[in-house]
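Asker: sharing a model that was predicted from the sequence below.
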Amino acid sequence: MAIDPICGMTVKEDTPFKVKKEEQVHYFCSAHCKDKFLSTTPVSEKSKSMSSAKLIYTCPMHPEIRQDHPGDCPKCGMHLEPLNPTGEENEDQQETRSLSLKFWVGFAFAVPLVLLVVGEMIPSFNIDSVIPHRLIPFIQFILATPIVLWAGGMFFVKGWMSLINRNLNMFTLIALGVGAAYGYSTIATFFPHIFPDSLKKMEKVDLYFEAAAVITVLIILGQLLEAQARSQTGKAIKALLGLAAKNAHLVRNGVEEDVEIGSVQEGDILRVRPGEKIPLDGIIIEGKSSVDESMISGEPMPVEKNTGDRVIGATVNQTGAFMMRTEKVGAETLLSQIVHMVAEAQRSRAPIQKLADTISGYFVPIVVLISVVTFIIWANWGPEPRLVYAIVNAIAVLIIACPCALGLATPMSIMVGVGRGAQAGILIKNAEAIEKSEKITHLLTDKTGTLTEGKPKVTAYIPNEGWNEQSLLGVAASIEQSSEHPLARAVIDYAKEKNAKIESVQDFESVTGGGIKGKLNGQRIILGKQKFLEDQKIILPENLKKESVQLQAKAQTVVWVASEQKIAGILGISDPIKKTAPQAIQDLHNMGIKVIMLTGDNRKTAEAIARELGIDDVRAELEPKSKQEIVKQFKSQGAIVMMAGDGINDAPALAQAEVGVAMGTGTDVAIESAGITLVKGDLNGIVKALRLSRAVMKNIRQNLFFAFIYNMLGVPIAAGILYPFFGILLSPVIAGAAMAFSSVNVIGNSLRLRGVKLS
């Protein structure tokens, strides 16, 4: 018993008037009290708590870094991003606006500074006639200081934090390089007399204010472009979030009203008209339509929906109007789960990232050491003025090195790839699944719902002597009522179509991998596989055995029915092969992958389907535990196994395989055990997933190659290795530009994955 929260009356808990809020269910004595309760609390507690909850921020390069406020990563200095984006534009626009302001202010000060320096270098320009020679260093200082200390001050803060946290990074090098150039020039401006004559030209010490300023502006530009490019990687999630409906037509007591989605409760009745987005997940209770589900399946063809069919929130109703009962709201909807899964996967780390992490850990100290060695060599053996060359080249080494490009190489590809997969109906749980999928050699797949439609139909029935069609179908459908097997629904639907009498069964028992038992009107009924009935000591007529073989040769599953230890007849059930399966298997073979069918069905039926599809191997008449053992067997032979399935019985095998693929139409247990989930249970989705994994891993290798080659060539050139042979030295300004754009190039290459073709 419960208490009505509005009127205080005692209410039975089986009352039809109830509302679920958070984990609590409220019961009402009437629709009036229920409506009054809803009107006083238009927004669910869950919605309120979600809206008021603090965002968690994390680093794209170091997902283990998490905090409840925005800021910079203590390891690499990158700007932290929301862990679970809400789709609001201001989440990543604030950083972009800040960098944009600093860039344009810095650019405005840098232009006259560069012109001033160029004017000094060109005699015909005669800058001395405009500005007194002795004031030029101080004007350079005034122009450079806002750029270096205000616009570029964040680099010094991040560099200092890297020293405090003992995580040397790109900003350590920037702070050292820019700081050295600016500090040296400042001292030379205010205290020129402390410098030896060897460092002076025309009684003046060379200044590097313009180098420090231009390097800072270029690096800010690189950071700005990087922030803009990085925001593109989250477009997949934002696109998904943008698909959600904002309002719904709520029907209460025959009265329709428009409400916000947050006001809709589980069990509410909603009306959906043609052309509208379906508000939430639920079941059609009245009407029919065709629904565009491409946003979750990636398939453009609309799906016909009738009374009793499930519909998914954010998909688009096309042709007809219908009424639906809401089953899932808030974070429980499929769209919310997809967004959460994509966000989690984008933050995960692929095993290949360990290589970049290891190198990055040694990178900065090695660069600092190379800079010191460069300074020593040029200071002792370089041309005059030696100290000037030593300072310039040492600074160039610090500036050009970019560990950020190494660090971004993997996570950027993963972020874009996972988002691309989500748009095609491929939900990837973690980055490890992407890396392992590329190496797959064997695909082990279930039959029902993967290779076949998963909508079996009774296509043949042969009663035994003394039985007729009606009695055979009535007995079979009566006992199948309590079964959850996919074939049970086919038998029941066919019996209803033939108007067979369906009655209640007592003492129902299901034997996994065999069949079912029960009592009907006091008679013991057994239904299942041939072997199951033989194990029950039931004698099978030879004529029905022959009929059974013929049905199996036509790829039909044969179900035997017995009453009181005597055969009542057999049913032939066929499950049509999916239209996409033949081409998908051909594509898998072209990829060099062997396809093995695992099924609990009869061997002859399985072999008939395998022949039609060109499958490499068949393992039939399997018990649920056998699938896991077969996965172990293939792995022991050196195969790299991907397992695809959709049932509870597939979960152990999915977990055992290197990569498990669950069909979105399957059970929660199967989906939880898999590394990849296909929203549409289709073998073609596996082909797309494998193509995506190969594209992502190729992209990662391209990024790592670029980052490695860039640093391997850039650092020695900055150190002056080409000077003895070609007289070429790398200006710190050029080094700054190269460093700034190296990360942008990595991100730009990663963004190409958004257009990768999967079909």
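Answerer: Cool, the structure landed. Numbering: from 1, shown residues only.
Asker: run through the bridge partners of the closest residue to residue 506 other than its chain neighbours.
Answerer: Spatially, and ignoring its direct neighbours in sequence, residue 506 is nearest to residue 519 (4.6 Å; C-beta to C-beta, 6 or more residues apart in numbering). Where C-beta positions appear, they are placed from N, C-alpha and C, glycine not excepted. Counting by DSSP bridges, residue 519 is bridged to residue 506, residue 524.
Asker: please enumerate the helices of the stretch 151-300 of the chain.
Answerer: Along the stretch 151-300 of the chain, counting by DSSP state H, counting those that start in this stretch, helices occupy 153-164, 170-190, 209-233, 235-243, 294-297.
Asker: now for the third one, which elements pack on it?
Answerer: Spelled out, that is helix 209-233. helix 90-121, helix 136-145, helix 170-190, helix 403-423, helix 732-751 (3 or more C-beta pairs under 8 Å, 6 or more residues apart in numbering; DSSP states H and E).
Asker: now do the shortest one against helix 90-121, angle only.
Answerer: Helix 136-145 and helix 90-121 are oriented at 170 degrees to each other (axes from the mean of the first three to the mean of the last three C-alpha atoms, to 10 degrees).
Asker: check which helices and strands helix 136-145 sits against.
Answerer: Counting by 3+ C-beta pairs under 8 Å, 6+ apart, helix 136-145 packs on helix 90-121, helix 170-190, helix 209-233.
Asker: could you rerun that using 6 Å?
Answerer: Packing partners of helix 136-145 (3 or more C-beta pairs under 6 Å, 6 or more residues apart in numbering; DSSP states H and E): helix 209-233.
Asker: returning to what we had before: any chance of the helices of the stretch 151-300 of the chain in a markdown table, with mean pLDDT and distance to residue 412 too?
Answerer: Shown next, in a markdown table, are those (pLDDT from 0 to 100; distance: least, C-beta to C-beta, whole Å):
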| stretch | mean pLDDT | distance to residue 412 |
| --- | --- | --- |
| helix 153-164 | 87 | 20 |
| helix 170-190 | 83 | 15 |
| helix 209-233 | 77 | 6 |
| helix 235-243 | 62 | 13 |
| helix 294-297 | 60 | 25 |
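Asker: right, and these - which one's nearest residue 410?
Answerer: Closest approach to residue 410 among these (C-beta to C-beta): helix 209-233, 12.7 Å.
Asker: who's in contact with the closest one?
Answerer: 92, 95-96, 99-100, 102-103, 106-107, 110, 113-114, 117, 140, 144, 147-148, 152, 178, 181-182, 185, 399, 415-416, 732-733, 736-737, 740-741, 743-744, 747, 751 (C-beta atoms under 6 Å, 6 or more residues apart in numbering).
Asker: grab the longest strand from the chain for me.
Answerer: In the chain, with assignment by DSSP state E, the single longest strand is strand 566-574.
Asker: just the buried positions in that strand, please.
Answerer: Buried residues in strand 566-574, defined by neighbour count with 16 or more other C-beta atoms under 10 Å: 567, 568, 569, 570, 571, 572, 573, 574.
Asker: quick check, residue 439 in a helix?
Answerer: No: secondary structure assignment (DSSP: H, G, I helix; E, B strand; the rest coil) places residue 439 in coil, not in a helix.
Asker: the residue nearest to residue 506: neighbouring residues, count only.
Answerer: For residue 519, the count of nearby residues is 15 (other C-beta atoms under 10 Å).
Asker: quick check: residue 321 touching residue 273?
Answerer: Yes: using C-beta atoms under 6 Å, residue 321 is in contact with residue 273, at 5.0 Å.
Asker: more neighbours, those two?
Answerer: residue 321 (15 against 11).
Asker: can you pull out the helices in the stretch 601-750 of the chain?
Answerer: 603-613, 624-636, 651-656, 668-673, 683-719, 723-726, 732-751.
Asker: got it, and the stretch 351-500 of the chain?
Answerer: With DSSP H, counting those that start in this stretch as the criterion, the stretch 351-500 of the chain has helices at 353-381, 386-400, 403-423, 431-437, 469-480, 486-497.
Asker: buried set for the longest one?
Answerer: Spelled out, it's helix 353-381. Quick answer for helix 353-381 (16+ other C-beta under 10 Å): 353, 356, 359-360, 363-364, 367-368, 370-371, 374-375, 377-379.
Asker: low-confidence ranges in the stretch 451-600 of the chain?
Answerer: Residues of the stretch 451-600 of the chain meeting the criterion pLDDT under 70: 486.
Asker: show me where it has strands.
Answerer: Along the stretch 451-600 of the chain, counting by DSSP state E, counting those that start in this stretch, strands occupy 457-463, 506-511, 515-520, 523-528, 557-563, 566-574, 594-598.
Asker: the helices of the stretch 351-500 of the chain: which one's closest to residue 257?
Answerer: Comparing the helices of the stretch 351-500 of the chain under C-beta to C-beta, the one sitting nearest is helix 403-423, at 33.7 Å.
Asker: the closest one - contacts with which helices or strands?
Answerer: helix 235-243, helix 334-347, helix 353-381, helix 683-719, helix 732-751.
Asker: distance to residue 262 added to these, as CSV?
Answerer: What follows is the helices and strands packed on helix 403-423, written out as CSV (distance: least, C-beta to C-beta, whole Å):
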stretch, distance to residue 262
helix 235-243, 15
helix 334-347, 13
helix 353-381, 38
helix 683-719, 33
helix 732-751, 34
